[in-house]
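>>> I would like the atomic coordinates for the input below:
(one chain, ligands or ions: 1)
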Amino acid sequence: LNILLKNFNVILRDDGTGLFKKDQKDIYIAGDTIVSIGSVPEGFLAERVINGERKLAIPGFVNSHTHAYMTLFRNRADDLDFSDWLFGNIMPLEDRLLKEDTYWGALLSCMEMIRTGTTTFLDMYMFTDATAQAVLDSGMRAVLSRGLSGGEDDIEGGKRRIAEATAEIEAWKGHDNISFMIAPHAPYSCDPNYMREAAELAAKLDLGIHTHISESRSEVEQIKEKYGCTPPELMDRAGLLTGRTVAAHCVYLTDSDMALLAERGVSVATNPVSNLKLGNGIAKVPEMIEAGINVCLGTDGAASNNALNMFRDLSFLTLVHKGRLENAVSVSAAEGLKIATVNGAKALGLGGVTGEIREGYKADITILDLNKPSLTPGNNLISALSYSANGSEVDTVIVGGKILYDAGEYTTIDTEKVMWNVQKIVERLG
Ligand SMILES: [Zn+2]
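Down below sits the predicted model:
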């Protein structure tokens, strides 16, 4: 479909400064790509015109760390500390899920992400097949990774998970909007030999790495006691810290951990809401940026957030560091927007593909309704995204030139069917 976004307020990046600016332009989309901003491409015939009056086009958010079908556990285990939450509540629930359940949970997550302006996400979970199907059906863009855990205590399980991951990656080759990473889950769920196997698999398949590092204080203490080093040091020895690694959380990093991650080119996905809710603290985002780390933004799963709404995480991201450092200049709205879009795309190996509204990029665009009270008056629409918007302003969402959410209506997802199936699953889980 050829789409013309006519006379739109649009958030673009200034080539000179690299910063965002608001402009007013026509945006031309042909097939899955933004072919021109401003001037009519030769021979362009619009099959669909969307009028930009009182609308704002922004790059779709890149949710750089989530566990999609955890939506099924939303508000199932709240106000609990990290280990009680994970080992006492979430893992036993996960054991009882069937593959089909995870498809509906993943589709529910796609509904929520689309509705709140996310166009791309990085996922880690089991049943990657089912999540891939949900992504395909919804029309979103995603990088998927099968969570791998294993080691001396569970050699067979570890092998089985690697075999599953490999088969799923093979089976989903050739889908434009779906790519993969290898996901050794965390330093506490993989032993060093298993980590090394995961690193070798990523190298062999030429894929990035997705993991959790230094999420809780107890993790850091446990790794120190067992191996005499920090979690990043342990993972580096196994070859897991590369320029294509996305490390979620990284709340408890030492200065030398930060220098190590920066040197290896690791991207850190910060998850401010999840970290706060589980009582894990606040990651040192401004310090990481200062150290040269590419920081991106994720919601984490809906069992620890408990939403997949990037507007909320963007708001927390641009607020908590001001409070923590008693510095109102820390993580500005413009910097937050870059973290939630451009930096995420880079982390996911999709730099130059998504994360910006730019000629030659995929048409991954979120359109906001400026007639909403929270966006009125539009004195500074970049600030508004962090400090005023809540996601309810999302009007239309386009991924790869396909309109997935059209003036408030889903075009690819049968929402009643999703709700009915999710209700059935929740009743069975009890
Ligand atoms: Zn996570």
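
>>> wait, Arg161 sits on Gly151?
No. Taking contacts as CB atoms under 8 Å, Arg161 lies outside contact range of Gly151: 11.4 Å. C-betas here are computed from N, CA, C, even on glycine.

>>> I'd like the distance from Phe127 to His65, if you could.
If you measure Phe127 against His65 using CB to CB, to the nearest Å, the figure is 18 Å.

>>> more crowded one of the two?
Set Phe127 next to His65 and count neighbours by other CB atoms under 10 Å: His65 wins out with 28 against 22.

>>> Tell me who's in contact with that one.
Listed by CB atoms under 8 Å, 6 or more residues apart in numbering, the contact partners of His65 are Leu122, Met124, His210, Val246, Ala248, Ala269, Asn271, Gly298, Thr299, Asp300.

>>> Can you tell me the centre-most residue of the chain?
The centroid of the chain falls nearest to Asn63 when counting by CA atoms, centre = their mean (2.0 Å).

>>> Quick check: bridge partners of that one?
With beta bridges defined as DSSP bridges, Asn63 has these partners: Phe121.

>>> Angles on the backbone of the residue lying closest to Ala303 once chain neighbours are set aside, please.
Nearest residue to Ala303, sequence neighbours excluded (CB to CB, 6 or more residues apart in numbering): Phe73, at 4.0 Å. The phi/psi pair for Phe73 (degrees, to the nearest 10) reads phi -100, psi 10.

>>> Just the pLDDT for Phe73.
According to the predicted model, the pLDDT of Phe73 comes to 95.

>>> I'd like the distance from it to Lys424, if you could.
As judged by CB to CB, Phe73 and Lys424 stand 15 Å apart.

>>> So between the two, which is more surrounded?
Per other CB under 10 Å, whichever of Phe73 and Lys424 has more neighbours is Phe73, with 22 against 12.

>>> Surely the more buried one is in contact with Pro92?
No. Taking CB under 8 Å as the definition, Phe73 is not a contact partner of Pro92, at 10.7 Å.

>>> ok, back up a step: for the residue nearest to Ala303, list the residues it contacts.
For Phe73, the set of contacting residues under the criterion of CB under 8 Å, 6+ apart consists of Ile90, Leu93, Gly301, Ala302, Ala303.

>>> What's the separation between the third one and Leu385?
This means Gly301. Remark: distance between Gly301 and Leu385 (CB to CB) = 23 Å.

>>> Other residues contacting the worst-scoring helix or strand of the chain on mean pLDDT?
For the chain, counting by mean pLDDT, DSSP states H and E, helix 82-83 ranks last in confidence among helices and strands (a mean of 86). The set of residues external to helix 82-83 that reach it, using CB under 8 Å, 6+ apart, is Glu215, Ser216, Ser218, Leu278, Gly279, Asn280.

>>> Am I right that the fourth one is in contact with Trp85?
Yes. Between Leu278 and Trp85 there is a contact at 6.1 Å, judged by CB under 8 Å.

>>> Please give me every residue in contact with Cys110.
Contacts of Cys110 were listed using CB under 8 Å, 6+ apart, and they are Ala68, Ala134, Val135, Ser138, Met140, Ile413.

>>> How about the contacts made by the second one?
Contact analysis of Ala134 by CB under 8 Å, 6+ apart lists Ala68, Tyr103, Ala106, Leu107, Ser109, Cys110.
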